[in-house]
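1. What follows is a predicted structure for the sequence shown.
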Amino acid sequence: MSGTRKDVREHNRAAWDALVEQGNEWTVPASPEAIEAARQGRWEIVLTPTKPVPRDWVEVEGRHVLCLASGGGQQAPILAAAGATVTVLDNSPRQLDRDAKMAERHGLPITTVLGDMANLEMFGDDSFDLIVHPCSNCFVPDILPVWREAFRVLRRGGCLIAGFANPAMYLFDLDLADTKGMLEVRHRLPFSDGPRGASEPMEFSHSLDLQIGGQISAGFSIIGLYEDSHVGGDSNVLNLYMPMFVATRALKAA
């Protein structure tokens, strides 16, 4: 691990705040048209870069939802417009500000909480019906506490839907893949970043043992899974060989 957990958290908080200023695609709030469609029952969210969550995976209307490490004004406003009462927890104040402004602009029941996805001590046991956790656990060095805390705060019969990176992605020099379309094996897994620029979050690979097996060890039953491509479609060289993202649907037994 590069640096302490606190060091990583503070670096990534500043990095994501900076990415908001730069207009990174994961900091751009949902459109007014998407909010209106969700009000009419036509909601759509993503856990991974491109593929929408299947509508039959979750019930939204009337549910208490935790959007876990999910700031940016994307998932939370859509779910709130679809009839859920939503709490969004994120490490970045600027990302949370996106959700707060969407709540104010559209009159949506959204509460924002600044915090660490691996420490949900501010929430009691059995607090939520649904947890939505899009690709973000690559920004913490240890994901087992994330799954344990999610299980604790989810009500019996509740559902966790989560997206995460295929660890194979981190074998390669991603800068080279993005800029020159070349795949060069560079890293041994598990991967962890060294020092990064001010607006570059530190990332960590996590094995499928920890991503899928970790959910099961925490007490979840996984009942759904799909794969997704990297942003960029066929223009991204990684997509020519295999999907780089996974989404899971997991239940806490009633």
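-> Yep, that arrived.
2. Residue 207 - nearest residue in space that isn't next to it in sequence?
-> With C-beta to C-beta, 6 or more residues apart in numbering as the criterion, residue 207 has its nearest non-adjacent residue at 5.6 Å, and that residue is residue 167. Yep, even glycine has a C-beta here, placed from its N, CA and C like the rest.
3. Just the pLDDT for the one you found.
-> Per-residue confidence at residue 167 stands at 95 (pLDDT).
4. residues near it, how many?
-> 21 (other C-beta atoms under 10 Å).
5. can you tell me which residues contact it?
-> Counting by C-beta atoms under 8 Å, 6 or more residues apart in numbering, residue 167 makes contact with 189-191, 205-208, 211.
6. Okay, it and residue 250: tell me how far apart.
-> 19 Å (C-beta to C-beta, to the nearest Å).
7. In the protein, mark out all the helices, start to finish.
-> Along the chain, counting by DSSP state H, helices occupy 5-22, 32-39, 75-81, 93-106, 144-153, 174-180, 208, 214-218.
8. for those helices, which one ends up most surrounded?
-> Most buried of those by mean neighbour count (mean count of other C-beta atoms under 10 Å) is helix 75-81; its value is a mean of 29.
9. which residues does residue 64 form a beta bridge with?
-> Beta-bridge partners for residue 64, by DSSP bridges, are residue 85.
10. shouldn't it be in contact with residue 131?
-> No - when contacts are counted by C-beta atoms under 8 Å, residue 64 is not listed as touching residue 131 (10.1 Å).
11. residues of stretch 199-211 that come out buried?
-> Residues of stretch 199-211 classed as buried: 201-206, 210-211 (neighbour count, 16 or more other C-beta atoms under 10 Å).
12. for the residues you listed, which one is nearest residue 18?
-> residue 201 (9.4 Å; C-beta to C-beta).
13. For the nearest residue to residue 67 once chain neighbours are set aside, give its distance to residue 200.
-> Take residue 67 and drop its neighbours on the chain: the residue closest to it by C-beta to C-beta, 6+ apart is residue 88, 4.1 Å away. Separation of residue 88 from residue 200 (C-beta to C-beta): 23 Å.
14. which residues touch the closest residue to residue 92 other than its chain neighbours?
-> Nearest non-adjacent residue to residue 92, counting by C-beta to C-beta, 6+ apart: residue 16, 3.8 Å away. Contact analysis of residue 16 by C-beta under 8 Å, 6+ apart lists 27, 91-92, 94-95, 201.
15. Okay, residue 16 and residue 251: tell me how far apart.
-> Counting by C-beta to C-beta, the gap from residue 16 to residue 251 is 30 Å.
16. quick one, what contacts residue 32?
-> residue 106.
17. Quick one: the strands in the stretch 51-200 of the chain, in order.
-> For the stretch 51-200 of the chain, the strands defined by DSSP state E, counting those that start in this stretch occupy 64-68, 85-90, 110-114, 128-133, 154-165.
18. From the contact counts, what lies against the first one?
-> By that I understand strand 64-68. Where contact means 3 or more C-beta pairs under 8 Å, 6 or more residues apart in numbering; DSSP states H and E, strand 64-68 is packed against helix 75-81, strand 85-90, strand 128-133, helix 144-153.
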